[in-house]
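J.: Let's see this in three dimensions:
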Amino acid sequence: MKNKSLKPYINLFLISISLVLILSMVTGKKYRLLHKLINNFFIVGVVFLSVGVIFQILTWSTHKKSIMNKPMDLEEMKTLKNSHKDAYVVSKTKRLDDFRKRKEIFDLLWKMFIYVGAIDFILSIVILIFW
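T.: Numbering: from 1, shown residues only. I've put the predicted structure just below:
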């Protein structure tokens with residue numbers, strides 16, 4: 001990955017770490033800090049993985065919607081007048097571009113949340129093993 005594409009991943013990871021630390025400070029006083037960190041890394045990891053799966057489902061549904069929009073038939077094109085034909089083609093093109101942009105955004109968010117969630121989940125397991 002390039003340095004530019006790595007920056008959002010690092011930002012999301014830092015957000016998850018700060019969320020874990022805040023949750024560790026707020027949660028019950030009867031547990032030690034290490035025990036709270038393990039629990040919170042696990043919780044944040046599972047939540048981020050769940051959000052990643054939701055974004056993957058959104059990516060799939062957006063891709064399916066873009067496939068469902070079939071191009072215009074030649075017979076339909078002949079029945080429309082020129083001004084309506086141009087407007088229809090332009091709106092169809094804009095809609096397909098919108099679907100592509102949404103798919104790219106959802107795909108990026110899916111990857112980010114899955115990677116960061118997996119790292120948080122693995123961190124909770126590593127801390128538990130070496131504790």
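J.: average pLDDT across the longest helix seen in the chain?
T.: With secondary structure taken from DSSP state H, the chain has its longest helix at helix 82-130. Mean per-residue pLDDT for helix 82-130: 84.
J.: Kindly report the same for stretch 36-51.
T.: Taken as a whole, stretch 36-51 has a mean pLDDT of 94.
J.: just to revisit the earlier point, other SSEs contacting the longest helix of the chain?
T.: Applying 3 or more Cβ pairs under 8 Å, 6 or more residues apart in numbering; DSSP states H and E, we find helix 82-130 packed against helix 3-26, helix 33-68. Every residue, glycine included, has its C-beta placed from N, CA and C.
J.: Give me the angle between it and helix 3-26.
T.: Going by axes from the mean of the first three to the mean of the last three Cα atoms, to 10 degrees, helix 82-130 is angled at 50 degrees with respect to helix 3-26.
J.: circling back: would you mind finding the most buried of the helices and strands packed on helix 82-130?
T.: Per residue and on average, the most neighbours among the helices and strands packed on helix 82-130 fall to helix 33-68, with a mean of 17 (mean count of other Cβ atoms under 10 Å).
J.: what angle do that one and helix 3-26 make?
T.: Here the directions of helix 33-68 and helix 3-26 differ by 130 degrees (the same axes, to 10 degrees).
J.: contacting residues around stretch 121-128?
T.: L34, L37, I38, N39, F41, F42, G45, V46, L49 (Cβ atoms under 8 Å, 6 or more residues apart in numbering).
J.: same thing with stretch 17-31?
T.: Around stretch 17-31, the neighbours that count as contacts under Cβ under 8 Å, 6+ apart are L33, K36, L37, N39, N40, F41, I43, V44, D120.
J.: how much space between the second one and V53?
T.: This points to K36. As judged by Cβ to Cβ, to the nearest Å, K36 and V53 stand 26 Å apart.
J.: what do you get for the fourth one?
T.: Computed with Cβ to Cβ, the distance linking N39 and V53 is 21 Å.
J.: Next: the first one.
T.: Note on L33: its distance to V53, by Cβ to Cβ, is 30 Å.
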